[in-house]
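[1] Predicted coordinates and the sequence they were generated for:
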Amino acid sequence: MEREPIGVVGVGWVGLVTAACFAELGHEVWARDIVPEKVESLARGEVPIHEPGLPELVTKNAERLHFTTDMAAVLEQTELLFVCVDTPPTYSGDADLSRVRAVVERLPEDAEHALVMKSTVPSGTGAAIRRDMPGLAYVSCPEFLKEGSAVDDFLNPDRVVIGSDPGDEWAADAVASLYEPLGGEIVRTDVASAEMIKLASNAFLATKISFINEIANVSEEVGADVTEVARGMGLDDRIGGAFLKAGIGYGGSCFPKDVSALKQLAGNSGYHFQLLNSVIEVNELQKRRVIGKLTKHLGSLVGKRIALLGLAFKPHTDDMREASSLVLSARLQGEGAEVVAYDPVATGAASGLLTGTDFATSAEEALDGADGAILVTEWPEFADLDWAAMAEKMRNPVLVDGRNFLDPEAIRAAGFRYEGIGR
Ligand code: UGA
């Protein structure tokens, strides 16, 4: 069967995963980016981000993946254009739509294509684009991929949300048929609701995390163990166990940005989204509580050497955007500590961001001579460390497990003073 060719505009993390996965499903994919060096390296099969399974898909489907800087070539080959440019937060907290606008403005006025919006945009964006470009069809198809498991999430979706307004059903039907082979539930709705589903989903997940972090903080006061609390809560189908892991706060390129964008979107229309203010504030404070856990054991941090284990905002990625390690490193230095950091893959991305920090090439090296350590990112290799040997290497075997990743009893038995989050 001849498969619909796909256009992808913006070959960042979402765009590249989308392009590679559609190629894997048998489509010719024309992927356009404005950065020539990126296009050239992708055309050579070099994948610039750390995402499990992605390099393999790009290599396997190289013949169907056409990377280019030329928008005209994409328009000529395809009818469906997946827009995957980023929408970073502005100073006001609104989403910056300049890259989305730049894509739309470069389309010829007579373009009869369908824009399929994967970039996260505030409700109302689709309506505005349709007013400006009446010839274009517009479909909202938000992405729900998680970094570190994006390929698997794409190929095995829980649901695929497809929003369209009257007149553009043909385009929404075409998008739906692309996703049908994947088997997830297809949610057909209007554009504004699809846009809101995306923001509301991320904001809800962030709310779950801030909620469990507050339960963790209260658990510390009353002698409960938050991991037990979350286990007991999560078995209720109405609550669900996912995203109830207490820790040192959420980071990444999505939750902080989207929570703020939704709060701002509400505010712009005169509604004060009170709950989200608290979600944001709890997340900010959560990173800083770690300092108190260290001083409890070490007293003043002036001149103390503190090791950060893990830097990325979560494991299996080198993404440092809004990573808790950024705040922690700066706060520790603010307290007069020396910071040494190790991450299995994010050191390169982190080196320009974590000023004043020493970088180690292994966890052992980071812990050698340290007065305290914070497990920031739950990389699997940290579970396999010989913790008894690590306790010997450290000047003061104090460990704050910022992700409740390790077994407290085992770590204590290895000779550590162990502090988790809410247990
Ligand atoms: C998130 C959403 O999960 C995706 O569905 C969405 O598509 C994506 O944002 C996006 O909008 O592009 P992602 O940012 O890749 O995905 O990462 P998550 O796995 O959701 O984790 C976000 C942060 O929350 C991490 O810092 C993680 O450590 C933290 N987290 C997660 C917790 O602190 N506790 C949990 O229980 C779960």
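    Looks like it arrived, so ask away. Residues are numbered from 1 along each chain as shown.

[2] ok now do residue 356, which residues does it touch?
    Applying C-beta atoms under 8 Å, 6 or more residues apart in numbering, we find residue 356 in contact with 329, 333, 339. For every residue, glycine as well, the C-beta is placed using N, CA and C.

[3] Only the buried members of the residues you listed: can you turn that into a PyMOL selection?
    To isolate the buried members of the contacts of residue 356 in PyMOL, using 16 or more other C-beta atoms under 10 Å:
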select buried, resi 329+333+339
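
[4] Closest one to the ligand out of the contacts of residue 356, please.
    residue 329 (15.8 Å; C-beta to the nearest ligand atom).

[5] before we move on, which element is the closest one in?
    When elements are assigned from DSSP states H and E, residue 329 belongs to helix 324-334.

[6] Same question for residue 392.
    Here residue 392 sits within helix 387-393, counting by DSSP H and E.

[7] which residues touch that helix?
    With contact meaning C-beta under 8 Å, 6+ apart, helix 387-393 is reached by 363-364, 367-369, 397, 406, 410-411, 414-416.

[8] how many neighbours does residue 149 have?
    Residue 149 has 15 neighbouring residues, counting by other C-beta atoms under 10 Å.

[9] Please tell me how far it sits from residue 316.
    To residue 316, residue 149 is 7 Å away according to C-beta to C-beta, to the nearest Å.

[10] any residues in contact with both of the two?
    residue 52.

[11] and the stretch 201-350 of the chain, which residues reach the ligand?
    With C-beta under 6 Å from any ligand atom as the criterion, the stretch 201-350 of the chain comes near the ligand at residues 202, 205, 209, 243-245, 247, 250-252, 254-255, 258, 313-314.

[12] again, 8 Å this time
    Residues of the stretch 201-350 of the chain lying close to the ligand by C-beta under 8 Å from any ligand atom are 201-202, 205-206, 208-209, 212-213, 242-255, 258, 313-314, 317, 319, 322-324.

[13] On the three-state scheme, residue 99 is what?
    Secondary structure, DSSP: H, G, I helix; E, B strand; the rest coil: residue 99 is helix.

[14] Skip the chain neighbours and tell me the closest residue to it.
    The spatial neighbour of residue 99 that comes closest, neighbours along the chain excluded (C-beta to C-beta, 6 or more residues apart in numbering), is residue 85 at 3.9 Å.

[15] contacting residues around the one you found?
    Residue 85 touches 9-10, 12, 15, 99-100, 102-103, 119, counting by C-beta under 8 Å, 6+ apart.

[16] The ligand versus that one, what's the distance?
    13 Å (C-beta to the nearest ligand atom, to the nearest Å).

[17] Look up phi and psi at that residue.
    When read as degrees, to the nearest 10, the backbone of residue 85 gives phi -80, psi 160.

[18] got it, and residue 374?
    The phi/psi pair for residue 374 (degrees, to the nearest 10) is phi -120, psi 120.

[19] what's the answer for the one 4 residues further on, then?
    Residue 378 has phi and psi values of phi -80, psi 60 when expressed as degrees, to the nearest 10.

[20] returning to what we had before: what about the ligand: which of the contacts of residue 85 touch it?
    Within the contacts of residue 85, nothing lies near the ligand by C-beta under 8 Å from any ligand atom.

[21] before we move on, the earlier item: only the buried residues of the helix holding residue 392, if you could.
    In helix 387-393, counting by 16+ other C-beta under 10 Å, buried: 387, 390-391.

[22] Then stretch 380-389?
    382, 385, 387.

[23] tell me the average confidence for that stretch?
    Stretch 380-389 carries an average pLDDT of 98.

[24] what about that stretch and the ligand, any contact?
    No. Using C-beta under 8 Å from any ligand atom, stretch 380-389 stays clear of the ligand, coming no nearer than 14.1 Å.

[25] I'd like the distance from that stretch to the chain centre, please.
    Distance of stretch 380-389 from its chain centroid, counting by C-alpha atoms, centre = their mean, to the nearest Å, is 26 Å.

[26] On the C-terminal side of the longest helix along the chain, identify the next helix or strand.
    For the chain, the longest helix by residue count, based on DSSP state H, is helix 191-222. As assigned by DSSP H and E, the chain's next helix or strand after helix 191-222 is helix 226-234.

[27] So which elements touch that following helix?
    Contacts defined by 3 or more C-beta pairs under 8 Å, 6 or more residues apart in numbering; DSSP states H and E place helix 226-234 against helix 191-222.

[28] Okay, buried residues for the helix it packs on please.
    In helix 191-222, counting by 16+ other C-beta under 10 Å, buried: 191-192, 194-199, 202-203, 205-217, 219-220.

[29] Can you pull out the low-pLDDT segments for the stretch 301-423 of the chain?
    Within the stretch 301-423 of the chain, no stretch falls below the threshold (pLDDT under 70).

[30] what about the helix or strand of the chain with the lowest mean pLDDT, distance to the chain center?
    The helix or strand of the chain with the poorest confidence is helix 125-132; it has a mean of 87 (mean pLDDT, DSSP states H and E). Mean-position distance between helix 125-132 and its chain equals 27 Å (C-alpha atoms, centre = their mean).

[31] got a list of contacts for that helix?
    97, 100, 104, 115, 117, 136, 138, 140, 163, 165, 191-192, 195.

[32] Any chance you could list what contacts the helix or strand following that helix?
    Using DSSP H and E, the helix or strand that directly follows helix 125-132 along the chain is strand 137-140. When contacts are defined by C-beta under 8 Å, 6+ apart, strand 137-140 is touched by residues 113-117, 126, 129-130, 161-165, 167-168, 170-172, 175, 191, 194-195.

[33] Would you list the buried entries among those residues?
    Of the contacts of strand 137-140, these count as buried by 16+ other C-beta under 10 Å: 113-117, 126, 129-130, 161-165, 168, 171-172, 175, 191, 194-195.

[34] Now, those residues that are in helices?
    In helices, judged by DSSP H, the following of those are found: 126, 129-130, 171-172, 175, 191, 194-195.

[35] Tell me the one among those nearest to the ligand.
    The nearest one, if we look at these relative to the ligand and count by C-beta to the nearest ligand atom, is residue 195, at 12.6 Å.
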